[in-house]
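**Q** Give me coordinates for this.
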Amino acid sequence: MIRPVLLLLLALAPASARAEAPARPVVSEIVTGSAIATRDFPGVIAAEVETTLGFQTAGRIETRPVNLGDAVTAGQVLATLDQVTLAEDVAAAEAGLRAARAEADFARQSLERAQELQRRGVAPLATLEAAAAKSAAARAAVDRARADLSRARDAERFGRLSAPSAGVVSQILAEPGAVVTPGTPVLRLATAAGREAVIDVPDDMLAVLPKDARFTIETRGDGPQTLPGRLRLIEPVADASTRAHRLRISLADGGHAFRLGTLVTARLDLPEAPLLTLPMAAIRPDTEPPQVWRLGPDRRAEAVAVTLGQRLDDRVVISSGLTAGDEVVIRGIRSITPGQQLGPRVSP
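**A** Got it, this is the predicted structure:
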């Protein structure tokens, strides 16, 4: 009898007398600017303009008086084809033109005789028509022979590969003795138009890269040199293996102080303000504008509107709404209500 009475008294006891259930732990993240990628990238100095040069005619390469790394001037001969063969082709074309002209002269004279005989009524009309056809064919043969001679002379002139502008030979693609066709690459010329720094950056770096990003380019080794640079081009196709994008950075004063192939470090000049990021899982999916759950001083959940920036893989830049040091819930956000008391922080 006594035991049921005690149970009844306990059931009627006020709620304050009972022990409160502990608040649930929460998986959260302290907002910092440490998620930004490194700002230093290795690179190399290259020419802003590189030209692949080749002959405009077919033949066998006879000489190549320049080597890799040689500085050349505009108009300097870089390679030649077999001149004997080209000269023979010109001589044959000239002989063909003389023969065609002789045939044309004979056909013209035959036509004149046929016309006179036809006028006298001695030769039939068919003889005159045949002579006229032969004369026309002979004139066409002269035109064809003249065109062949023009091509042979062009080929002889194209047998010398000259530098279109001053520069440095950056790559050799064909050696003497090789037989080439028109347009076959023979060498690459890095023109003296200017120098640029070439670097590779990961995909996530493009999201925070300004369109007119500025860099400080510094050579490696003893006595480093520095030059300011500005982003000129982001190559649209990423590397198939590393998924990195290639950036080309124009250098001040054309970068002539740096030698081609010099190893450099490119430092991105970004504001010192931290870049705040959060996992995409922390953004409430059912709110507009976007919101996150921030823990207040008494560890109660409060909904805070934020402005989202660029995506960085599985994270997103927070442009406004939060400050460094805020604690934000990143797991279980669907089961939280405003003002809910939350427990200690658990690292993800």
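**Q** In the sheet, which strands lie alongside the strand or helix carrying residue 44, parallel or antiparallel?
**A** Element membership of residue 44 [criterion: DSSP states H and E] is strand 40-47. Counting by DSSP bridges, the strands paired with strand 40-47 are strand 195-201 (antiparallel), strand 263-268 (antiparallel).
**Q** Now do it, average pLDDT.
**A** Across strand 40-47, pLDDT averages out at 90.
**Q** From residue 116, how far out is residue 52?
**A** As judged by C-beta to C-beta, to the nearest Å, residue 52 and residue 116 stand 62 Å apart. Where C-beta positions appear, they are placed from N, C-alpha and C, glycine not excepted.
**Q** Pipe the strands paired with strand 40-47 into a markdown table and attach mean neighbour count, mean pLDDT and distance to residue 23 per row.
**A** Formatted as a markdown table, the strands paired with strand 40-47 follow (neighbours: other C-beta atoms under 10 Å; pLDDT from 0 to 100; distance: least, C-beta to C-beta, whole Å):
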| stretch | mean neighbour count | mean pLDDT | distance to residue 23 |
| --- | --- | --- | --- |
| strand 195-201 | 21 | 92 | 44 |
| strand 263-268 | 20 | 90 | 43 |
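**Q** could you dump these to a markdown table with distance to residue 285?
**A** Putting the strands paired with strand 40-47 into a markdown table (distance: least, C-beta to C-beta, whole Å) gives the following:
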| stretch | distance to residue 285 |
| --- | --- |
| strand 195-201 | 31 |
| strand 263-268 | 33 |
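**Q** Minimum distance to residue 83: which of those has it?
**A** strand 195-201 (36.4 Å; C-beta to C-beta).
**Q** For the next helix or strand after the closest one, buried residues please.
**A** Tracing the chain C-terminally past strand 195-201 and defining elements by DSSP H and E, one meets helix 203-206 next. For helix 203-206, burial by neighbour count (16 or more other C-beta atoms under 10 Å) applies to 204-205.
**Q** residues in contact with the next helix or strand after helix 203-206?
**A** Note on helix 203-206: by DSSP H and E, the next helix or strand toward the C-terminus is strand 214-219. Strand 214-219 has contacts (C-beta atoms under 8 Å, 6 or more residues apart in numbering) with 43, 197, 224-231, 249, 251, 255, 258, 262-269.
**Q** Report how many residues lie close to residue 241.
**A** The number of residues packed near residue 241 is 6, by other C-beta atoms under 10 Å.
**Q** Please give the element, helix or strand, for residue 238.
**A** Using DSSP H and E, no helix or strand contains residue 238.
**Q** from here on, count from 53
**A** Sure, I'll start numbering at 53, so the last one becomes residue 290.
**Q** list the contacts for it?
**A** 255, 296-297.
**Q** in the stretch 203-352 of the chain, which spans are strands?
**A** 212-214, 219-224, 231-232, 237-243, 247-253, 266-271, 278-286, 297-303, 315-320, 329-331, 343-347 (DSSP state E, counting those that start in this stretch).
**Q** how about TSV for these, with distance to residue 201 added?
**A** What follows is the strands of the stretch 203-352 of the chain, written out as TSV (distance: least, C-beta to C-beta, whole Å):
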stretch	distance to residue 201
strand 212-214	19
strand 219-224	34
strand 231-232	23
strand 237-243	26
strand 247-253	45
strand 266-271	54
strand 278-286	46
strand 297-303	46
strand 315-320	54
strand 329-331	72
strand 343-347	81
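**Q** worst average pLDDT in these?
**A** strand 329-331 - the lowest mean pLDDT of the strands of the stretch 203-352 of the chain, at a mean of 86.
**Q** partners of that strand, with directions?
**A** Here, using DSSP bridges, strand 329-331 pairs with strand 367-372 (antiparallel).
**Q** for the partner strand, what is the average pLDDT?
**A** 84.
**Q** quick one, that strand and strand 343-347 angle?
**A** Calculated by axes from the mean of the first three to the mean of the last three C-alpha atoms, to 10 degrees, strand 367-372 forms an angle of 80 degrees with strand 343-347.
**Q** ok now strand 367-372, how far from the chain's centre?
**A** Chain-centre distance of strand 367-372: 28 Å, with C-alpha atoms, centre = their mean, to the nearest Å.
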